[in-house]
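Engineer: this one's sequence-less:
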């Protein structure tokens, strides 16, 4: 079968790509291939569902522009399609004196990115938004919200089909070959497709897919597992919206935080640890080939050397509920270990170049 564009990956990025392509080129033949039997089975279906506002990113950067434009597009799409969301807002809390200038830097970044409705909060004002949070100062960001990204992805798929596109699940790509007239894509289910173009949205395996046609690829995907707890229902009153710490500018993760979920419940986390398998959602998940592939990548070894102290602390917290609780108590001192029950986990596809750059 011949197509104009094949998108590999049935997560939110793949379906959004297919949808926007069909909106711009309604006569194009577009096919989405997803290896699992359901859509949004990995990163899209294993995250805390936060609608980020663009607060953290360098003003004018592609990341900031993408986040802000994407935010507006997502809200408009959810309104149009009747998808539930809640712009509940978040506070970013400084709990140590050295975090105060970092909090001010965040405020200035947010203003530069157009977030002019943010509010600086003094110590005594924090309780107006989160009565159980203790801190030296905070930033209230009313733009931040929560949504179910799996639901968004499934709606994208409906729209893709409505516009004449095709979405196939259970179609794991095993080979991609460049040909004079385009590409040939072979799936493990025995089907073969031809296409003029291919867009790789393969998430955790996007590097493996890319290497099928570009063996000298300068990027590897390193998996980092984010581990969550959930608050017991009787303790959910401690959290009204979203509560974040001031992020460490030297570490590419935001730190453990509290997230109220759009369908109910409150998550606490995530812890961030190197995963021994690309789809390793449990601590015991291990794949020797994938584990060695990460260790053998020189960029990852440089990352491990640079962040070994932080990484070691994350691992200690992964195996110690008490340490996890203590990290959360920096924000809400009332939280106790028995207030937490084991939640879900997700694996982040972190792109890492040969020099150790986290892209």
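Structural biologist: Structure's in. What do you need? Being a predicted model, the structure only gives us computed values, none of them experimental.
Engineer: switch to C-alpha atoms for all contacts and neighbour counts from now on
Structural biologist: Fine.
Engineer: Low-confidence bits of this structure, can you list those?
Structural biologist: 249-253 (pLDDT under 70).
Engineer: Which stretches in it count as helices?
Structural biologist: 12-24, 62-81, 100-112, 149-162, 206-211, 288-296, 298-306, 308-319, 321-329 (DSSP state H).
Engineer: Please report how far residue 41 lies from residue 181.
Structural biologist: From residue 41 over to residue 181 the distance is 33 Å, taken as CA to CA, to the nearest Å.
Engineer: Pick out whichever of these two has more residues nearby.
Structural biologist: residue 41 (16 against 10; other CA atoms under 10 Å).
Engineer: mind listing what that one touches?
Structural biologist: Going by CA atoms under 8 Å, 6 or more residues apart in numbering, residue 41 touches residue 11.
Engineer: Mind doing that once more with 6 Å?
Structural biologist: Listed by CA atoms under 6 Å, 6 or more residues apart in numbering, residue 41 has no contact partners.
Engineer: cool, and residue 273?
Structural biologist: 224-225.
Engineer: Quickly list what it is bridged to.
Structural biologist: residue 225 (DSSP bridges).
Engineer: how about the helices of the chain in CSV, adding mean neighbour count and distance to residue 280?
Structural biologist: Shown next, in CSV, are the helices of the chain (neighbours: other CA atoms under 10 Å; distance: least, CA to CA, whole Å):
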stretch, mean neighbour count, distance to residue 280
helix 12-24, 20, 20
helix 62-81, 15, 27
helix 100-112, 17, 33
helix 149-162, 20, 19
helix 206-211, 18, 16
helix 288-296, 14, 10
helix 298-306, 17, 18
helix 308-319, 15, 14
helix 321-329, 19, 20
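Engineer: quick one, which of the ones you listed is nearest to residue 243?
Structural biologist: helix 321-329 (10.1 Å; CA to CA).
Engineer: The closest one versus helix 308-319: what angle between them?
Structural biologist: Following axes from the mean of the first three to the mean of the last three CA atoms, to 10 degrees, one obtains 110 degrees for the angle between helix 321-329 and helix 308-319.
Engineer: gap between helix 321-329 and the chain center?
Structural biologist: 23 Å (CA atoms, centre = their mean, to the nearest Å).
Engineer: Give me the contact list for that helix.
Structural biologist: With CA under 6 Å, 6+ apart as the criterion, helix 321-329 contacts 317, 335, 337.
Engineer: what's residue 195 in contact with, if anything?
Structural biologist: So residue 195 contacts 2-5, 182-183 (CA under 6 Å, 6+ apart).
Engineer: now swap in residue 221 and tell me
Structural biologist: 349-351.
Engineer: change it to 10 Å
Structural biologist: Going by CA atoms under 10 Å, 6 or more residues apart in numbering, residue 221 touches 203-208, 278, 293-294, 297, 300, 348-353, 358-359.
Engineer: And residue 92, by the same measure?
Structural biologist: 103, 106-107, 120-121, 135, 137-141, 242-247, 257, 331.
Engineer: What distance do you get for the residue lying closest to it once chain neighbours are set aside to residue 135?
Structural biologist: Closest residue in space to residue 92, ignoring its immediate chain neighbours: residue 244 at 4.7 Å, by CA to CA, 6 or more residues apart in numbering. Separation of residue 244 from residue 135 (CA to CA): 11 Å.
Engineer: Identify the contacts common to those two.
Structural biologist: In contact with both residue 244 and residue 135: 92-94, 331, using CA under 10 Å, 6+ apart.
Engineer: Reformat these into CSV and put distance to residue 271 next to each item.
Structural biologist: Output for the shared contacts of residue 244 and residue 135, formatted as CSV (distance: CA to CA, whole Å):
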residue, distance to residue 271
92, 18
93, 18
94, 19
331, 15
